[in-house]
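> return atomic coordinates for the entry below.
(one chain, ligands or ions: 2)
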Amino acid sequence: MSFHLQRVLATAYEIKQIPLEDVPEIVVAGRSNVGKSSLINALFKGAKPARVGKHPGKTRSINFYLTREQFIIVDLPGYGYARGPRTDMERWKRLVEYYLSHRRVIVLFLLLVDIRRGIEQEEEMLVHTLKKMKIPYALVLTKIDKLNRNELNQLRTIITSKAADIPVLAFSARTGDGKKELIQLIERSLKVNA
Ligand SMILES: Nc1nc2c(ncn2[C@@H]2O[C@H](COP(=O)(O)OP(=O)(O)OP(=O)(O)O)[C@@H](O)[C@H]2O)c(=O)[nH]1
Ligand SMILES: [Mg+2]
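Numbering: from 1, shown residues only. Ligands and ions are numbered 1, 2, ... in the order given. Alright, predicted model coming up:
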């Protein structure tokens, strides 16, 4: 099970480059280096359209990937890169807030969290915004291949209990663990909104 890339619809560094397609969107967001681009690449069969970086801050633009299944996967730039200029969070906020407030069709917002870091202040703020805007979201715990089963279960339980009533998935781009559940969640979100 995978999705197929039709084409890269847009690479937006600025507000005016954000496309306004009337197609449902799945958003992938999270801290810099959390694994957003890797997760997106893992969802596609064949194509690996998103750039993956050793150095945090690789994705600076909002990237829109149109799938043959007729929805868009959105790769948001990462936030919270400590060594970046202070104005980065401001720039990020402006671009992303504009994007969120001018979208009609976000069917699912995937908030990625490194399982070893868990939910921090930035994620709490984001969740607050998503709730306010009534955007459906789920937490995706990334890089689970870095833990053994015990550690994984322990951390997953802690994070899930904090997340209360929202779906929590665990995923590894390296091993493909959790990919099936992720694709099912995306498909369900698309159907609910069809
Ligand atoms: N072990 C492991 N490494 C991963 C996984 N996913 C991503 N990585 C690594 O983490 C680093 C960052 O991955 P990216 O996919 O570029 O992360 P990103 O969230 O898109 O980063 P920015 O675009 O900089 O915000 C890369 O070195 C990846 O190879 C995973 O599931 N397991
Ligand atoms: Mg990236």
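> center of this protein - which residue?
V28 (1.7 Å; C-alpha atoms, centre = their mean).
> for this protein, name the helix or strand with the lowest mean pLDDT.
In the chain, the helix or strand scored least confidently by mean pLDDT, DSSP states H and E is helix 87-101, which has a mean of 80.
> re earlier: got the contact list for the residue nearest to the centre of the chain?
36, 39-40, 73-76, 110, 112 (C-beta atoms under 8 Å, 6 or more residues apart in numbering). In this view, the C-beta of every residue, glycine as well, is placed from N, C-alpha and C.
> quick one: secondary structure of it?
strand (DSSP: H, G, I helix; E, B strand; the rest coil).
> right, and the helix or strand after the host helix or strand of N153?
Element membership of N153 [criterion: DSSP states H and E] is helix 149-163. Counting by DSSP H and E, the next helix or strand C-terminal to helix 149-163 is strand 168-170.
> now what about that next one, what contacts it?
Taking C-beta under 8 Å, 6+ apart as the rule, strand 168-170 contacts 115, 138-141, 144, 152, 156, 159-160, 177-178, 181-182, 185.
> among those residues, name the buried ones.
If you count burial by 16 or more other C-beta atoms under 10 Å, the buried members of the contacts of strand 168-170 come out as 115, 138-141, 144, 152, 156, 159, 178, 182, 185.
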